[in-house]
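S.K.: Everything below, folded, please.
(2 chains)
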Amino acid sequence: QVQLKESGPGLVQPSQTLSLTCTVSGFSLMDYSVHWVRQPPGKGLEWMGRMKYDGDTYYNSALKSRLSISRDTSKSQVFLKMNSLQTEDTAIYYCTRGGELDWYFDFWGPGTMVTVSS
Amino acid sequence: DIQMTQSPASLSASLGETVTIECRASEDIYNGLAWYQQKPGKSPQLLIYNANSLHTGVPSRFSGSGSGTQYSLKINSLQSEDVASYFCQQYYDYPPYTFGAGTKLELK
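M.R.: Okay, here's the model as predicted:
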């Protein structure tokens, strides 16, 4: 069955770089896009960016200067790197699969909590 | 960017009641709308896509409707397992995909 799982450090110091991995199973990264969405504690959802099935990337313009998404198809993994972290980047980070025509998100990982603090 | 405005922000309802949550887009999104349910401590789950199509496995008491800039999610015969936050998301004009701020549904 389709599964996604995020992994990474729970704590990052201010101004440092966040590195997260999304490991997927049950589908191919060459057939479906994977997106990153984050949610600050008690708040709403923010789309961050996507790794398209053809290897192309799209980023939220609000984060574009700090964000990079890449993949390793042989390992079924998608990577997120975001630099210059600040306390407002504290959030649950989700990876999610793009559904039909990459319009909506049909499967989600459980999420990983990232706290930015010294 | 298209802004999504959800209402109400919170809602209290009784078991068996019918509940409606609204979502308004800042411009016409031509039914490019999805609804998600997020239970406490869990990740969001897709309920509805294309404004009114039920995702696989979602109970038929959930339904979506609307057009243009105005959309709604209806839950018939509210069950205890429906206690959650609900989010709308537009995908007519992206990037970025944008979400509503959410509606928190509690039992009365």
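S.K.: In contact with the nearest residue to A:Ser61 once chain neighbours are set aside, which residues?
M.R.: Among residues not flanking A:Ser61 along the chain, B:Pro96 sits closest, at 7.1 Å (C-beta to C-beta, 6 or more residues apart in numbering or on different chains). All C-beta spots, glycine's among them, are computed from the backbone N, C-alpha and C. Neighbouring residues of B:Pro96 by C-beta atoms under 8 Å, 6 or more residues apart in numbering or on different chains: A:Trp47, A:Asn60, A:Ser61, A:Ala62, B:Asp1.
S.K.: where do the strands sit along chain B?
M.R.: Ranges of strands in chain B, per DSSP state E, are B:4-7, B:10-13, B:19-25, B:33-38, B:45-49, B:53-54, B:62-67, B:70-75, B:84-90, B:98-99, B:103-107.
S.K.: Oops, could you answer that again for chain A instead?
M.R.: Under DSSP E, chain A gives strands at A:3-7, A:11-12, A:18-25, A:34-39, A:46-51, A:57-59, A:67-72, A:77-82, A:91-98, A:105-108, A:112-116.
S.K.: With mean neighbour count and distance to B:Val19 as extra columns, can I get those in a markdown table?
M.R.: Below are those laid out as a markdown table (neighbours: other C-beta atoms under 10 Å in any protein chain shown; distance: least, C-beta to C-beta, whole Å):
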| stretch | mean neighbour count | distance to B:Val19 |
| --- | --- | --- |
| strand A:3-7 | 17 | 30 |
| strand A:11-12 | 16 | 39 |
| strand A:18-25 | 18 | 33 |
| strand A:34-39 | 24 | 23 |
| strand A:46-51 | 24 | 26 |
| strand A:57-59 | 18 | 34 |
| strand A:67-72 | 17 | 37 |
| strand A:77-82 | 20 | 35 |
| strand A:91-98 | 24 | 25 |
| strand A:105-108 | 22 | 23 |
| strand A:112-116 | 17 | 30 |
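S.K.: ok, what's across the strand from the spatially most central residue of chain B?
M.R.: Centroid check for chain B by C-alpha atoms, centre = their mean gives B:Trp35 as the closest residue, at 3.8 Å. Beta-bridge pairing for B:Trp35 (DSSP bridges): B:Ile48, B:Cys88.
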